[in-house]
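> Have a look at this fold, sequence not included:
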C-alpha cells in the first residue's frame, strides 16, 4: 500500500486554524470530503509537491463544525 502524504492547512473562512502533516491511502481531489483529527471539511486546494515529497492540501472546515 502506498500512502499519499500532504502538508495541510485547516481553514475556517480565511483563517488558518492548524497546519500539519497527514497521509491518505488514496490521492485526494478538490471537493473531496476529509477528516483531519475530529474536524470535517472539504478539499479546497491542492498544490504541487515540495522537496520532501508532500503535496500542499488546503481543507476548508464544513460550516457548523
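Sure thing, it's come through. A quick note: this is a predicted structure, and the numbers were derived from the prediction, not measured. Numbers count the residues shown, from 1 in each chain.

> what are the bridge partners for residue 41, then?
For residue 41, the beta-bridge partners under DSSP bridges are residue 34, residue 61.

> what do you get for residue 12?
According to DSSP bridges, the residues that bridge with residue 12 are residue 15.

> okay, now it: neighbour count?
Burial of residue 12 is recorded as 16 neighbouring residues (other Cβ atoms under 10 Å). Placement of C-beta: from N, CA and C, glycine included.

> is it true that it touches residue 63?
No: with the criterion set as Cβ atoms under 8 Å, residue 12 and residue 63 do not qualify as a contacting pair; they are 9.2 Å apart.

> ok, now which ones touch the closest residue to residue 62 other than its chain neighbours?
Taking Cβ to Cβ, 6 or more residues apart in numbering, and ignoring the residues beside it in sequence, residue 62 has residue 40 as its nearest neighbour in space, at 4.9 Å. For residue 40, the residues meeting the contact criterion (Cβ atoms under 8 Å, 6 or more residues apart in numbering) are 33, 34, 61, 62, 65.
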